[in-house]
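>>> give the three-dimensional model of this entry:
(2 chains)
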Amino acid sequence: MDKSTENMLALNAAKARYYGVKMVYTAQSGHPGGSLSCLDVLTTLYFRVMNVDPKNPKDPNRDRFVMSKGHCSPAVYPVLALRGFFPVENLKLFRSIDGHMSGHVEMKYNPGVDMSTGSLGQGISTAVGMALAGKVAKKDYRVYAILGDGEIAEGQVWEAAMSAAKYKLDNLCACVDVNGLQIDGATKDVMPSEPLDEKFAAFGWHVIKIDGHDFNQIEAAYEEAKTVKGKPTVILAKTVKGKGVSFMENQAGWHGKAPNAEQWAVAEAELKAKIAELEGK
Amino acid sequence: MGEKIATRNAYGMALAELSSQYPELVCFDADLAGATMTKYFKDACPERFFDMGIAECNMTGVASGMATCGFKPFVNSFAMFSSGRAWEQVRNSIAYPGLNVKVVGSHGGLSVGEDGATHQCIEDFALMRAIPGMMVLCPCDGYEMKQAVKALVEYEGPAYMRLGRLAVETVTDTIDGYKFELGKGVTLRDGKDVTIIATGMNVQMALKAAETLAAEGISARVIDMHTIKPLDEELVLKAAKETGAIVTSEEANVLGGLGAAVAEYLGGTYPVPVVRHGVEDEFGRSGAAPKVLDAYGINADGIVAKVKQALKLKK
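Numbering: from 1, shown residues only, chains lettered A, B, ... in the order given. Reported below is the predicted structural model:
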């Protein structure tokens, strides 16, 4: 990846982080922690990996994306807005009764969203369904999903994992956002999920482990997944929960909490400084 | 009248028959194809049949994902599991996004028989009815089922349909002017003293009950309410106005199903006595199906008793 591409991704991710946290601050509710951790992966997907056209969001041949951890709407909506699916202004009505930008990712009112999610463990099954549909219809689109490392305690995730292997869904690439934290604390304490690599491998998946904040590694992983035949791929992305806002980083308490005015002032300054730095200002 | 076939068989054959006409039709099962009768679809169209193993929650989600890509999935298991085990998947992955998935529950009610309470789903009507926008069906015989399947394939949106395990007498094929339409009940027998609104195989019981009542000089109208939701309010209101008393009958808990739907509607529009016939809020148990049904009063005599109760309440 050349420097300008990397800079483009970093800048879009930085803007998405700014909009995401601002949305949560404005709504005074939402989930900043896990949204910030997966944003580098999500930005790479929409700006480099996925074949999508914001002017034709329902194109039957498009690649699909499912945010299985549907509370990470402050990651999804900003990225879709930045990618051109709807105006950035729409983000102002996040979680507001005056609009339809639901607290959890919603597909009927928000162009570019391929599946409504929110109840954990369910999104990955729908992604399997989209991939299976691609096989049955003999289309060559690909299906992407992001799961949380807390989410995968849901048994349905493993039902889905078995079924994706059974149907040899090499058009499916899931990513687990391994930020190590969930609502009640560290994932290793709440419900240990590791070793994730061995678990997914045992379920018949191709496994790639990366640093989920390194754009080169992220893109390389998705490119590798495209070459894998006969089995689905999972990318285990090691990430930092709350990435990009100093006081939110690695703090479980910021899973589903909005910053107050004082905290927002700090976050805003940090996020804006990052954008300015990347814009070379 | 006369032929006996289980609605699950009629369903399985009808779905298989439609597979060639509808290339977007896909069928899912959870290791019960031989019981839910999706085996017919599997034989007719193996490339669009998916056995998802004993994992109903995932099956439901996979079907919803396929629906977003233009397919018409039918998801099958026993009613206990398709409507119960996977209830929240049906709610959040199918109904909330309004996806075109048909959830089918075979072996509904007490007539599962020997398998006992764990498999005798009496809550499916209530569970599925409670979900916004969910259509709920329970056809009464093979003839009606065949038309219901065709109508469901063409209907765009989420729906739940219950199938029965037992072979039941076909009654709708000989009714003059019988026409199947989603959301429209059918008057199978006219009457003026009371109306029995039944669904599923209780329709046959209701017809028998009406015969018994006729011998006693009571004229009972019988409505086959194959669509529980949306309720055919016009037909219910007409029955309330013309007969002044209603008995509902279903092989389900009296809480939350057809009887509740009718009572809820009439309570706010045209209050007349509504007596509900069904399972009185208790679990079933093992036994030969006809004996289990008799033990819980789910038979023609049970309906006759409820009719008499309703007539006493009638002003």
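>>> mind listing what residue B:248 touches?
B:196-198, B:258-259, B:262-263, B:274-278 (CB atoms under 8 Å, 6 or more residues apart in numbering or on different chains). C-betas here are computed from N, CA, C, even on glycine.
>>> in which helix or strand would I find the closest residue to it other than its chain neighbours?
Spatial nearest neighbour of residue B:248, excluding adjacent residues (CB to CB, 6 or more residues apart in numbering or on different chains): residue B:259 at 3.7 Å. In this assignment (DSSP states H and E), residue B:259 forms part of helix B:258-267.
>>> also residue B:276?
strand B:274-279.
>>> so what strands line up beside that strand?
Sheet pairing for strand B:274-279, assigned by DSSP bridges, gives strand B:246-253 (parallel).
>>> next, the angle from the partner strand to helix B:258-267.
Angle, strand B:246-253 to helix B:258-267, by axes from the mean of the first three to the mean of the last three CA atoms, to 10 degrees: 140 degrees.
>>> now do the strands in the stretch 51-200 of chain B.
B:72-78, B:102-106, B:135-137, B:159-162, B:167-169, B:186-189, B:194-198 (DSSP state E, counting those that start in this stretch).
>>> contacts for the second one?
Contacts of strand B:102-106 from elsewhere in the structure, counted by CB under 8 Å, 6+ apart, are B:8, B:11, B:32, B:35-37, B:60, B:72-83, B:86, B:90, B:94, B:121, B:124, B:128, B:152-153, B:158-165.
>>> who does the closest residue in space to residue B:79 that isn't next to it in sequence bridge with?
Leaving aside its chain neighbours, residue B:79 sits nearest to residue B:105 (2.9 Å; criterion: CB to CB, 6+ apart). Listed by DSSP bridges, the beta-bridge partners for residue B:105 are residue B:77, residue B:162.
>>> ok, now which ones touch whatever residue of the stretch 151-281 of chain A ends up closest to chain B?
In the stretch 151-281 of chain A, the residue that lies nearest chain B is residue A:159 (3.5 Å; CB to the nearest CB). Counting by CB under 8 Å, 6+ apart, residue A:159 touches A:125, B:52-53, B:55, B:57-58.
>>> thinking again about what came up before, the helix or strand just after the strand holding residue B:276: which residues count as buried?
Toward the C-terminus, strand B:274-279 is succeeded by helix B:289-295 as the next helix or strand (DSSP H and E). Within helix B:289-295, the residues that count as buried by 16 or more other CB atoms under 10 Å in any protein chain shown are B:289, B:292-293.
>>> where does the residue nearest to residue B:110 when sequence neighbours are not counted sit relative to chain A, distance-wise?
Nearest non-adjacent residue to residue B:110, counting by CB to CB, 6+ apart: residue B:284, 4.5 Å away. Using CB to the nearest CB, to the nearest Å, we find residue B:284 at a distance of 27 Å from chain A.
>>> what sits against residue B:284?
Contacts of residue B:284 by CB under 8 Å, 6+ apart are B:110, B:112, B:116-117, B:120, B:122, B:292, B:296.
>>> the residues you listed, buried ones only, as a PyMOL selection?
Filtering those down to the buried ones (16+ other CB under 10 Å) takes a single PyMOL command:
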select buried, chain B and resi 110+112+117+120+122+292+296
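>>> closest to residue A:261 out of the contacts of residue B:284?
Using CB to CB, residue B:122 comes nearest to residue A:261 of these, at 54.0 Å.
>>> who's in contact with the closest one?
By CB under 8 Å, 6+ apart, the contact set of residue B:122 is B:109-110, B:251-253, B:278-279, B:283-284.
>>> just for chain A, where's the confidence low?
Scanning chain A for pLDDT under 70 picks out no residues.
>>> among the contacts of residue B:122, who's most crowded?
residue B:109 (33 neighbours; other CB atoms under 10 Å in any protein chain shown).
>>> distance check, that one against chain A.
Counting by CB to the nearest CB, the gap from residue B:109 to chain A is 27 Å.
>>> next up, the contacts around the closest residue to that residue other than its chain neighbours.
Distances taken as CB to CB, 6+ apart place residue B:251 nearest to residue B:109, at 3.5 Å, with adjacent residues excluded. The contact partners of residue B:251, by CB under 8 Å, 6+ apart, come to B:108-111, B:122, B:164, B:200-202, B:278-279, B:293, B:298.
>>> and the residue positioned nearest the centre of chain B, how far from chain A?
Centroid-nearest residue in chain B, with CA atoms, centre = their mean: residue B:138, separated by 1.6 Å. Distance of residue B:138 to chain A, given as CB to the nearest CB: 27 Å.
>>> go ahead and confirm that residue touches residue B:199.
Yes - if you go by CB atoms under 8 Å, residue B:138 and residue B:199 touch, sitting 4.6 Å apart.
>>> joint contacts of those two?
Between them, residue B:138 and residue B:199 share these contacting residues under CB under 8 Å, 6+ apart: B:125, B:226, B:228, B:250.
>>> which SS class is the third one?
The three-state assignment at residue B:228 reads strand, by DSSP: H, G, I helix; E, B strand; the rest coil.
>>> can you give me the neighbour number for it?
31.
>>> that older thread, which one of the strands of the stretch 51-200 of chain B is the most hemmed in?
Highest mean neighbour count of these: strand B:194-198, a mean of 31 (counted as mean count of other CB atoms under 10 Å in any protein chain shown).
>>> how far does it sit from its chain's centre?
16 Å (CA atoms, centre = their mean, to the nearest Å).
>>> and for stretch A:51-66?
On CA atoms, centre = their mean, the centre of stretch A:51-66 falls 16 Å from that of its chain.
>>> what is the end-to-end distance of that stretch?
One end of stretch A:51-66 sits 14 Å from the other (CA to CA, to the nearest Å).
>>> can you list contacts of that stretch?
Here stretch A:51-66 makes contact (CB under 8 Å, 6+ apart) with A:45-46, A:49-50, A:83-85, A:111-112, A:114-115, A:117, A:123-124, A:126-127, A:130, A:139-146, B:65, B:68-70.
>>> as TSV, the contacts of residue B:122 with pLDDT would be great.
Converted to TSV, those look like this (pLDDT from 0 to 100):
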residue	pLDDT
B:109	98
B:110	98
B:251	98
B:252	98
B:253	98
B:278	98
B:279	98
B:283	98
B:284	98
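>>> of the residues you listed, closest to residue B:99?
Comparing those against residue B:99 with CB to CB places residue B:252 closest, at 25.4 Å.
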